[in-house]
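**Student:** all I have is the shape, not the residue letters:
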């Protein structure tokens, strides 16, 4: 029986009923004649993600596949579990504070001393930073 080139992305049935998705097809041809020398395919079992490199892939007349031998059997890596983090950050806002004072200097001092209410503002682009002054080890919500 001749080798069969499997197509990446297609799902194939093995003789025992298992279904495999072809994720990569590897072929080697004779330099002079162009004859197919060998076929390999990276196959992922649909039921559990187990992946192999199948060497000498062949397809029966009924469409089922088999191979001479396989290498590199591996289970999928478990996905890292996402967690929730609370990161201390600072950012800048731009706005105007209306202050009544006897001079411009007194008005500025009033704002810097916190005597005036800060207005709604506009976020300053690219100003967000992680607040390194608060270490993650000792910081609490």
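**Tutor:** Nice, thanks for sending it over. Remember, it's a predicted structure, so these values are computed and weren't measured experimentally.
**Student:** look at the residue in the chain sticking out farthest from the centre and report its pLDDT.
**Tutor:** Taking CA atoms, centre = their mean, the residue of the chain most remote from its mean C-alpha position is residue 102, at 59.0 Å. At residue 102, the model reports a pLDDT of 95.
**Student:** wait, is it part of a strand?
**Tutor:** No. Going by DSSP: H, G, I helix; E, B strand; the rest coil, the assignment for residue 102 is coil, not a strand.
**Student:** from residue 116, how far out is it?
**Tutor:** Separation of residue 102 from residue 116 (CB to CB, to the nearest Å): 14 Å. All C-beta atoms are positioned from the backbone trio N, CA, C, and that covers glycine.
**Student:** same question for residue 108.
**Tutor:** Noted for residue 108: a distance of 10 Å to residue 116, by CB to CB.
**Student:** can you check residue 76 too?
**Tutor:** The gap separating residue 76 from residue 116 is 59 Å, by CB to CB.
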